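>>> Compute the structure for the input listed below.
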Amino acid sequence: MTSSAGYDELWDEFHRVVNMDSRELEKWLMTEEATEDADFVPGERMPPTGADVLAILGKRKTDLTDHDVHVMERVVAIVHNERGEDLEPDAGDSAGWRRYLMTLGHDPLRPAGHRRTDR
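Model (predicted):
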């Protein structure tokens, strides 16, 4: 995939909404809590979108595939739909809501601008 202004903006926004680093996300995706609402065995298989986000975190922008771009667009849209634009810390109404967002790499309890360590 070649980089363009649109992809640059998507890349930046994806890395803003995904506020868990790759180690945190991988550890979370392997827990029973992350797989509680799915047919995945903890420690053996990750939820697919979470696994895709984890893979993207390990890539350079120039190595993105069309699938990666689709995942990034989807994750950004879901997080903004659930959280709005400001992304200020919010405990939400249920533990399931937070678990769902964390499966996408977004911890809603973190402040806006939280610095991930692996970017």
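
>>> Now the most centrally placed residue in the chain: closest residue in space, sequence neighbours ignored.
When C-alpha atoms, centre = their mean is applied to the chain, the residue found nearest the centroid is Gly105 (2.8 Å). Once flanking residues are discounted, Gly105 sits nearest to Val18: 3.8 Å by C-beta to C-beta, 6 or more residues apart in numbering. C-beta coordinates here come from the backbone N, C-alpha and C atoms, glycine included.

>>> check contacts around the one you found.
25, 53, 57, 75, 104-106, 116 (C-beta atoms under 8 Å, 6 or more residues apart in numbering).

>>> Tell me the one among these nearest to Phe14.
Nearest to Phe14, judged by C-beta to C-beta, of these is Val75 at 6.4 Å.

>>> Was I right to think that closest one contacts Phe14?
Yes - assessed by C-beta atoms under 8 Å, Val75 is found in contact with Phe14 at 6.4 Å.

>>> who's in contact with the residue nearest to the centre of the chain?
17-20, 25, 50, 53-54, 57, 75.

>>> how does it look with 10 Å?
14-15, 17-22, 24-25, 28-29, 49-50, 52-54, 56-57, 75, 79, 116 (C-beta atoms under 10 Å, 6 or more residues apart in numbering).

>>> Okay, now the unreliable bits of this protein?
Residue ranges of the chain with pLDDT under 70: 1-5, 35-45, 111-119.

>>> Residue for residue, what is the longest helix it has?
helix 66-83 (DSSP state H).

>>> Helix or strand next in line after it, which one?
helix 95-103 (DSSP states H and E).

>>> Okay, buried residues for that next one please.
Buried residues in helix 95-103, counting neighbours by 16 or more other C-beta atoms under 10 Å, are found at 98-103.

>>> hey, C-alpha coordinates of stretch 17-31 in PDB?
The C-alpha trace of stretch 17-31 is given here as PDB (Å, rounded to 0.1, in the frame of the first residue of the first chain):
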ATOM      1  CA  VAL A  17      -7.600   5.500  19.600                       C
ATOM      2  CA  VAL A  18      -5.600   2.400  20.100                       C
ATOM      3  CA  ASN A  19      -4.100   3.400  23.400                       C
ATOM      4  CA  MET A  20      -2.900   0.000  24.600                       C
ATOM      5  CA  ASP A  21       0.600  -1.000  23.600                       C
ATOM      6  CA  SER A  22       1.200  -4.400  21.900                       C
ATOM      7  CA  ARG A  23       2.300  -6.100  25.000                       C
ATOM      8  CA  GLU A  24      -0.700  -5.000  27.000                       C
ATOM      9  CA  LEU A  25      -3.100  -5.900  24.100                       C
ATOM     10  CA  GLU A  26      -1.600  -9.300  23.600                       C
ATOM     11  CA  LYS A  27      -1.700 -10.100  27.300                       C
ATOM     12  CA  TRP A  28      -5.400  -8.900  27.500                       C
ATOM     13  CA  LEU A  29      -6.400 -10.900  24.400                       C
ATOM     14  CA  MET A  30      -5.100 -14.100  25.900                       C
ATOM     15  CA  THR A  31      -7.300 -13.600  29.100                       C
END
